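A.B. asks: I'd like to go over a predicted model; first the sequence, then the structure.
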Amino acid sequence: MRLRVEFTTEPFDLDEAPAHALVARDIVTGAELDAVDVGPFGNTAEGDADRVLGAVSALLRESLQAGATRVSLQVNVIGDAERGEGDAT
């Protein structure tokens with residue numbers, strides 16, 4: 001199964017990225033996920049379910065420890081490449 005995660009961390013800082021946002025981005029970019037897209041107000045990544053769920057666990061734990069007061073996320077099933085399924089969202 002493949003999953004897509006979309007997330008943001010708060011509070012926002014328009015002058016520079018806060019520590020919690022940098023930590024969360026480092027986790028998803030280092031998690032060997034596909035189609036990682038990081039931005040100032042939202043981030044997305046796709047990949048194997050086990051890798052996505054592992055990254056989500058780490059980003060929740062570590063971004064909260066780094067000062068996040070809120071983490072908003074959505075996880076969608078996007079199909080199973082082995083079975084030829086398309087986007088299931």
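C.D. replies: Nice, thanks for sending it over.

A.B. asks: once you drop chain neighbours, what's closest to Leu22?
C.D. replies: Ala66 (7.8 Å; CB to CB, 6 or more residues apart in numbering). All C-beta atoms are positioned from the backbone trio N, CA, C, and that covers glycine.

A.B. asks: and Gly54, by the same measure?
C.D. replies: Excluding its sequence neighbours, the residue lying closest to Gly54 (CB to CB, 6+ apart) is Ala31, at 6.9 Å.

A.B. asks: and that neighbour, what's its pLDDT?
C.D. replies: Each residue has a pLDDT score; the one for Ala31 is 93.

A.B. asks: what segments of this protein are helices?
C.D. replies: When assigned using DSSP state H, the helices of the chain occupy the ranges 19-29, 49-65.

A.B. asks: tell me which strands and helices the shortest one is in contact with?
C.D. replies: Pointing back at helix 19-29 there. Packing contacts for helix 19-29, counted by 3 or more CB pairs under 8 Å, 6 or more residues apart in numbering; DSSP states H and E, involve strand 2-10, strand 34-38, strand 43-48, helix 49-65.

A.B. asks: repeat that with 6 Å
C.D. replies: Of the remaining helices and strands, those touching helix 19-29 by 3 or more CB pairs under 6 Å, 6 or more residues apart in numbering; DSSP states H and E are strand 2-10, strand 34-38, helix 49-65.

A.B. asks: burial measure for Thr69, as a count.
C.D. replies: 9 (other CB atoms under 10 Å).

A.B. asks: so what's it scoring on pLDDT?
C.D. replies: If you check Thr69, the pLDDT there is 97.
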